[in-house]
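Engineer: Need a 3D model of the following:
(chains A, B, C and D)
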Amino acid sequence: MQLVLSEDQELIAKTAADFAAEHSPVSRFRELRDAGDPIGYSPKLWKEMADLGWVGIPFPEEYGGADLGLSELAVVLEALGRSLAPEPFLSTVLLGGQALLLGGSDAQKKDWLPGIAAGEKIVTVAYQEATSRFDLHAVETRAEAADGGYRLSGEKIQVLDAPSADAFLVSARISGEARDAAGIGLFLVPKDAAGITVVPQTRVDHRAAGLLRLDGVVVPADAVVGEPGEAGALLERVVDRATAGLCAEMLGGMCQAFDLTLTHLKEREQFGSLIGSFQALKHRAVDVFTELELARSTVMAAVRALDADAPDASSLVSVAKARCSDAYVLATNEGVQMFGGVGMTDEYDIGFYMKRARAAELTFGDAAFHRDRFARLAGY
Amino acid sequence: MQLVLSEDQELIAKTAADFAAEHSPVSRFRELRDAGDPIGYSPKLWKEMADLGWVGIPFPEEYGGADLGLSELAVVLEALGRSLAPEPFLSTVLLGGQALLLGGSDAQKKDWLPGIAAGEKIVTVAYQEATSRFDLHAVETRAEAADGGYRLSGEKIQVLDAPSADAFLVSARISGEARDAAGIGLFLVPKDAAGITVVPQTRVDHRAAGLLRLDGVVVPADAVVGEPGEAGALLERVVDRATAGLCAEMLGGMCQAFDLTLTHLKEREQFGSLIGSFQALKHRAVDVFTELELARSTVMAAVRALDADAPDASSLVSVAKARCSDAYVLATNEGVQMFGGVGMTDEYDIGFYMKRARAAELTFGDAAFHRDRFARLAGY
Amino acid sequence: MADLSKYRSEIGSWLEANCPSDLLGLSMTAIEGPWGGKKWVPDYDSQRAWLERCADKGLTAPTWPTEYGGGGLDKAEAKVLSQEMRRLRVPPPLIGFGLTMIGPTLLQFGTEEQKREHLPRITRGEIRWCQGYSEPGAGSDLAALQTRAVDDGDAFVISGTKVWTSYADKADWIFALVRTDPDAKKQEGITFILIDMDDPGVSVSPILLISGSSPFCETHFEDVRVPKSNVIAQINGGWTVAKALLGHERSMIAETFGTGAGQRRQTMADRAKGYVGADAEGRLADPALRERLAQLELDTRAFSLTVQRSTDAAKAGHNPGPESSIFKMYGTELNQRRQELLVSMLGPNALGWEGPGFEEAELSVTRDWLRSRGNTIEGGTSEVQRNIVAKRVLGLPD
Amino acid sequence: MADLSKYRSEIGSWLEANCPSDLLGLSMTAIEGPWGGKKWVPDYDSQRAWLERCADKGLTAPTWPTEYGGGGLDKAEAKVLSQEMRRLRVPPPLIGFGLTMIGPTLLQFGTEEQKREHLPRITRGEIRWCQGYSEPGAGSDLAALQTRAVDDGDAFVISGTKVWTSYADKADWIFALVRTDPDAKKQEGITFILIDMDDPGVSVSPILLISGSSPFCETHFEDVRVPKSNVIAQINGGWTVAKALLGHERSMIAETFGTGAGQRRQTMADRAKGYVGADAEGRLADPALRERLAQLELDTRAFSLTVQRSTDAAKAGHNPGPESSIFKMYGTELNQRRQELLVSMLGPNALGWEGPGFEEAELSVTRDWLRSRGNTIEGGTSEVQRNIVAKRVLGLPD
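Structural biologist: Prediction:
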């Protein structure tokens, strides 16, 4: 595993940075938020990103993808994370797309992956419930056998990009108790299935999400992704990949928040001096910088380990998510504090990053959850 | 509960501070350490302290005591903790003396308390074993019924002031499993009992301690302190009191370590400026100061709650010990760092405080242990 | 002593007889309370009657002299009054910056005429006050203020902008610092002045915070003519007045966080169990969260014991100890940690901005967390606080 | 490529044929290793033979030119050599400041004569070197040094005291910074000079540390005559030499802590279980300790990945990235946390200073913890490191 960008990766990174600067400054995110549109991103820009090949990065060529890895996707996500671009990579490329790629039947892949890679279909995973916290196996939504297929009932919360999704991959319990790893199925449910209700939710970071209510939704047997009852393990694999991708996006966000703060420290005067000359602030800035450098290494290691199917990949994903969660929160807390009063106003961008940091921290497990998982994987 | 010193307490504090300055500067502790005497304190000075009435503070007048409380003892311990006076308050006044006072028969009290209060007898509690860590109920030393009395076998570690003790109060298991609260007895064993071996131990803080080996030591039935088998609860009460006393001593030590550091910050020049003018060091000094002020409040509250037999006394003891453990370590870590290279040399006193901080932290439970105990007492 | 117990029984009877029954037991925190002023819309009609009755008796400002609308009580009597109010669960008739900030300042620095003009209107809740100190670009460096006051005979003509003026959109008058001598050294040349916000040239725009609320405003002055008789103390002597007032503000903030802590404590553990469950022993199931909660509650306990120590020392007649210098800093940082822990406890349920899918109490956690980030900035940043403690308490060199 | 694999097989055979069998597999860390010098007493007799054989072949300093006793290898060959040594578990024949610090400095700054005099004796382990930089009272402010060197024709007469000279009591020569121009500005007027410690007027007294060991000394110079031919680079130009050398020292220290981390990892969890036990699931029974250990191991992992990232970038031909600036600071702070965690794991068993009642491994934990407190002071304090990163990497103003 080489922790250095290849020339190709450098090129992708540069293209993505240029694209973000031109088409997706933070002001665009602010406008989308102010507009209050539940879709929350620009389908047009999403299509452009797909045309640039980014949406298809981790999919095989036969489905219109570039057959590259998370290592390549990560540099795109980092660049977009810098300006809080809200396009649906997490929901569609990482969650929905990876679930279909890793667990889907040939027919399912043929039906959906080309549309995803082309930027034309949104497929998200509905895995979270009101009391599941970070436990992927805490599934109370029921899947009862019915007419050779299944009948699904329950409620999923904060389903990412639910308002724009063409289909949902819904985890539901076929058998077993509420927190058992076994007995969970993953079901492909098109958005127009009878008995589905999508209620848009407004989150603190203003990224699109929604409640998904399933009121006796009937799906055929071939709607199951992977083996029935064995989606527990599939979900873990998928969420590991999505977590690594989220970490790359977080890395971009925390670096941008730090850059904003550094600029402020070099421009803002107080008591006749630039505040960046105050030693206490300097040392704290160095501590933030240190955390960002460490975070970068862990993100690079996690995506490379996943690409290589390395045995310690899950452990490295936890290393990355624990660090990125803490580092992003630290960078934005320090950012707002060093900006002072104006950092508390909606007018300044630093607050967006603070909100995004917390939303990302609480997605796929916070730092404490991943420290515990890391220890468990290490046998203690 | 009034968190302010009474006039009498102010007077005791002043007397103790003056006495310590005159008779017990840190150089005395250094000399005792260099001499390598296993007794490790000055019996002559101990007698003087007794004559001043300090040793008898928490004992009733009928046993030669002053019938005052831990609140009064605390101000003496704080003053002596400032200069690391190694006299046996912890072992004899707090552990041994309190165990006899709270659990002893009239005969036991009459036999031992006057000698203790007069500074003539040393009685310590042997409660710790190789694998007991901080659990007072982790007792493997056995007490088997024999000849109407008991036969004791086992080994106790780091028995405070064991080399100078006239008697030991030994916890031993009469019945039950290794970590049961029930089934523990506390036995009064004179130092010359057959089958006893005392091996002096040298600890990092150079406070006197020793291994106590019991090889079939036979004691009569009236050697039991309190009810046989019910010493688990007695030990907890005694150790609560000893912990509060230790916290007072720690408070003195951390304040002195901070004063040494502050003086150094005001005198030492680097890069053409006093190092105390560097803002990063200033802010860290303020953080240490803050911890010391909070620690002082918790110590005052803990001793007053114990004196008043308040229902939340144990909880306040845990608040105080958790804080004092962390604060003393912080103050001395920062002290050595701010002293720089010379702080690492044996020649400077700050290192003594660093060692003492760690020894005190690991006596009667560290901060994590007391946080857990605090939570447990609060029902979560 | 005999007099005190007489006063206790008298005032107790009066409170019982006069407080409208629908107000009994209502908890009104400093934020939600009856601030008075021309624009005041009480939550309950009876609040207005209660205010009038108390004002008539001098109970809105119990220790102020009676000639200015106060109650003329001594400290001991005032303490009895507050004990009785607590005992009978009677809410305060009036709160606000008039009573806590500009009123005491006028008593200390005002002319007889100024006292007679403003104090009675404060005690009757007729005028609501706000504070005009900070400016855009000045931040922690208060003395760098730029709002100009140009001498024009019997008046000053004031131009400039104040930020972080709390509730300026609801206030009637503002007390402000303005620069009367642009050539003097920074802290000199500043004047403390009272401005009627109805005067031509005053305008107010609320500031939207990241938490979604707007407790603060920008207040603009465009050639506002203010008579010189509105200057408090000397022209160019405003810094002395401001410092006296600032010290007062910081201790108020510290008190708010210090005393607020105790009430929520039980709730935290129970709420945590609601979100992460309990183990077989009934303990909070997530041990990492449990330790974090224990650390927070332990620190909260240590902090309130320290506040108590300070109060007890004052009661015993000692001068304020060094411990009081850390209250603002530690209290606000503690509150931030409490809010962050609540967010961690709720997990994904703390991510709501609006319904549906989030309970009201959850949405409050999110907003309170965001709002709490300002605690270490407003009223003197934590950095400034540490500078002050390093210098004044620890005596460290500049 | 063909040449490399040829070199690999040749050197492999040579190592196998020549390394004394009783040395195979011996782990010799930088501290316990074969430092050479006149006072050297090897742990094994065969170490001396092994040193001689290697020195004859230029393997003690593989990349130095052959004319100075080096091996004349290029980087690729040197890497093959080190791989083969690791593979065959062959210990290093020689380590020390001669090879890592003064040798490279002489190669960069020395005259031809100086190189010929000193380098061969270094490669043969005949002379052990120590470093004389810090002085009592100078601390982090290295340039404030006071040791005087008075011009006396063809020599300087040196008087003063150096502190923190590592193992000066075991060294034969010292490279030192002395003040040759007392009137020049601080960093000017300093000269880098080599001194034979057998010269009259040199004396050494070890410093007892709080950990009980004495790795450092005070080295006193009393009118020591040192020929001017021992000056490296220019008179009054010593600061440039020193800075080049310091950078090198810091990266060495960082490497030591960075690479040491991995080896102990497994041991930490196992040791912890030994002291606090495991629960029914086999997990460390104390959840607070478990989380602390996880945080430490996670940070250790992140740190070694960062060291790897830096190395990989260098291998790929990139300039050193900003991440390398944090290695010394983070590595030493990480080591301190590791030592403190070990103390917490052991609990009361970590309180030993000497036996009886404490195991050897326990006593080491105590001493290592105390020793580790110096890590953030020596070789540039963490405070100085942060100042440097703030200025050079983040570009923050003075």
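Engineer: How about the closest residue to chain D within the stretch 101-250 of chain C: what's its closest non-neighbour residue?
Structural biologist: Closest approach between the stretch 101-250 of chain C and chain D, counting by C-beta to the nearest C-beta: C:D141, at 16.4 Å. Heads up, the C-betas are built off the backbone N, CA and C, glycines and all. Nearest non-adjacent residue to C:D141, counting by C-beta to C-beta, 6 or more residues apart in numbering or on different chains: A:Q270, 4.3 Å away.
Engineer: Give me the distance between the one you found and chain B.
Structural biologist: Per C-beta to the nearest C-beta, to the nearest Å, A:Q270 is found 13 Å from chain B.
Engineer: correct me, but that residue touches C:L142?
Structural biologist: No: between A:Q270 and C:L142 there is no contact under C-beta atoms under 8 Å: 10.0 Å.
Engineer: who are the neighbours in contact with residue 74?
Structural biologist: I'll assume chain A. The contact partners of A:A74, taken as C-beta atoms under 8 Å, 6 or more residues apart in numbering or on different chains, are A:244-245, A:248, A:299-300, A:303.
Engineer: Sorry, I should have been clearer: chain C.
Structural biologist: Contact analysis of C:D74 by C-beta under 8 Å, 6+ apart lists C:T63.
Engineer: Repeat that for A:A145.
Structural biologist: A:R151.
Engineer: Kindly tell me how buried residue 361 is, as a neighbour count.
Structural biologist: By default, I'm working from chain A. 26 (other C-beta atoms under 10 Å in any protein chain shown).
Engineer: Chain C is the one I meant
Structural biologist: Using other C-beta under 10 Å, C:A361 is surrounded by 11 other residues.
Engineer: ok, now the one 5 residues further on?
Structural biologist: Using other C-beta under 10 Å, C:T366 is surrounded by 26 other residues.
Engineer: same deal with A:A367?
Structural biologist: Neighbours of A:A367 using other C-beta under 10 Å come to 21.
Engineer: again, but for A:E22
Structural biologist: Applying other C-beta under 10 Å, we find 8 residues neighbouring A:E22.
Engineer: and it, helix, strand or coil?
Structural biologist: Per DSSP: H, G, I helix; E, B strand; the rest coil, the secondary structure class of A:E22 is helix.
Engineer: Could you chop chain A up by domain?
Structural biologist: A:7-122, A:124-228, A:233-377 (automatic domain parsing).
Engineer: If you average the pLDDT over the first one, what comes out?
Structural biologist: Same thing as domain A:7-122. Mean per-residue pLDDT for domain A:7-122: 97.
Engineer: Which residues outside the helix or strand encompassing C:V80 are in contact with it?
Structural biologist: Using DSSP states H and E, C:V80 maps to helix C:75-87. Identification of contacts with helix C:75-87 by C-beta under 8 Å, 6+ apart yields C:4, C:7-8, C:11-12, C:15, C:59, C:62-63, C:71, C:73, C:90, C:92.
Engineer: Scan those and report the most crowded one.
Structural biologist: C:L59 (26 neighbours).
Engineer: For that residue, give me its contacts.
Structural biologist: C:L59 touches C:71, C:81, C:93, counting by C-beta under 8 Å, 6+ apart.
Engineer: pLDDT score for it?
Structural biologist: Looking at C:L59, its pLDDT reads 95.
Engineer: Repeat that for C:S324.
Structural biologist: 85.
Engineer: okay, now C:G277: neighbour count?
Structural biologist: By other C-beta under 10 Å, the residues close to C:G277 number 12.
Engineer: my bad, A:A368
Structural biologist: For A:A368, the count of nearby residues is 22 (other C-beta under 10 Å).
Engineer: And for A:V189?
Structural biologist: Count around A:V189 with other C-beta under 10 Å applied: 23.
Engineer: is it true that it touches A:L152?
Structural biologist: Yes: between A:V189 and A:L152 there is a contact under C-beta under 8 Å: 7.0 Å.
Engineer: Need the overlap of contacts for these two.
Structural biologist: Applying C-beta under 8 Å, 6+ apart, one finds that A:V189 and A:L152 are jointly contacted by A:170, A:214, A:217, A:219.
Engineer: Next one: the second one relative to A:L95, how far apart?
Structural biologist: The reference is to A:L214. A:L214 is 18 Å from A:L95, where distance means C-beta to C-beta, to the nearest Å.
Engineer: more crowded one of the two?
Structural biologist: Ranked by neighbour count (other C-beta under 10 Å), A:L214 and A:L95 place A:L95 first, with 29 against 25.
Engineer: Can you tell me which of the contacts of helix C:75-87 lies closest to chain D?
Structural biologist: Among these, and counting by C-beta to the nearest C-beta, the member closest to chain D is C:P92, at 43.6 Å.
Engineer: looking at it, the closest one is touching C:P34, isn't it?
Structural biologist: Yes: C:P92 is within contact range of C:P34, at 7.0 Å (criterion: C-beta under 8 Å).
Engineer: And the furthest pair within the shared contacts of A:V189 and A:L152?
Structural biologist: Greatest spacing in the shared contacts of A:V189 and A:L152, by C-beta to C-beta: A:L214 and A:V219 (9.8 Å).
Engineer: Please enumerate the shared neighbours of these two.
Structural biologist: A:152, A:189.
Engineer: residues from chain A in reach of chain D?
Structural biologist: Contact residues, chain A versus chain D (C-beta under 8 Å from any C-beta of the partner chain): A:2-4, A:262, A:265-266, A:274, A:276-277, A:279, A:282-283, A:285-287, A:289-290, A:293-298, A:300-301, A:316, A:318-319, A:322-323, A:368, A:371-372, A:374-376, A:378-380.
Engineer: Give me the neighbour count for the nearest residue to C:V343 once chain neighbours are set aside.
Structural biologist: Once flanking residues are discounted, C:V343 sits nearest to C:A350: 4.3 Å by C-beta to C-beta, 6+ apart. Counted with other C-beta under 10 Å, residues neighbouring C:A350 total 24.
Engineer: which residues does C:A350 contact?
Structural biologist: Per C-beta under 8 Å, 6+ apart, neighbours of C:A350: A:358, A:362, C:342-344, C:362, C:365-366, C:369.
Engineer: In TSV, list the residues you listed along with pLDDT.
Structural biologist: Converted to TSV, these look like this (pLDDT from 0 to 100):
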residue	pLDDT
A:R358	98
A:L362	98
C:L342	96
C:V343	97
C:S344	97
C:E362	94
C:V365	94
C:T366	96
C:W369	96
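Engineer: Buried subset of these, written for ChimeraX?
Structural biologist: A single ChimeraX command selects the buried members of the contacts of C:A350 (16 or more other C-beta atoms under 10 Å in any protein chain shown):
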select /A:358,362 /C:342,343,344,362,365,366,369
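Engineer: Show only the entries of the contacts of C:A350 found in helices.
Structural biologist: Using DSSP state H, the subset of those located in helices is A:358, C:342-344, C:362, C:365-366, C:369.
Engineer: Looking at those, which is nearest C:L246?
Structural biologist: Distances from C:L246 to the ones in helices among the contacts of C:A350, taken by C-beta to C-beta, are shortest for C:W369, at 27.1 Å.
Engineer: Settle this for me: the closest one is touching C:S344, isn't it.
Structural biologist: No: between C:W369 and C:S344 there is no contact under C-beta under 8 Å: 10.0 Å.
Engineer: can you give me the strands in the chain?
Structural biologist: You didn't pick a chain, so chain A it is. With strands called from DSSP state E, chain A shows them at A:123-126, A:142-146, A:149-160, A:167-173, A:184-190, A:196-203, A:209-219, A:269-270, A:273-274.
Engineer: Can you look at chain C instead?
Structural biologist: According to DSSP E, the strands that chain C contains are C:129-132, C:148-152, C:155-166, C:173-179, C:190-196, C:202-206, C:216-227, C:231-232, C:352-354.
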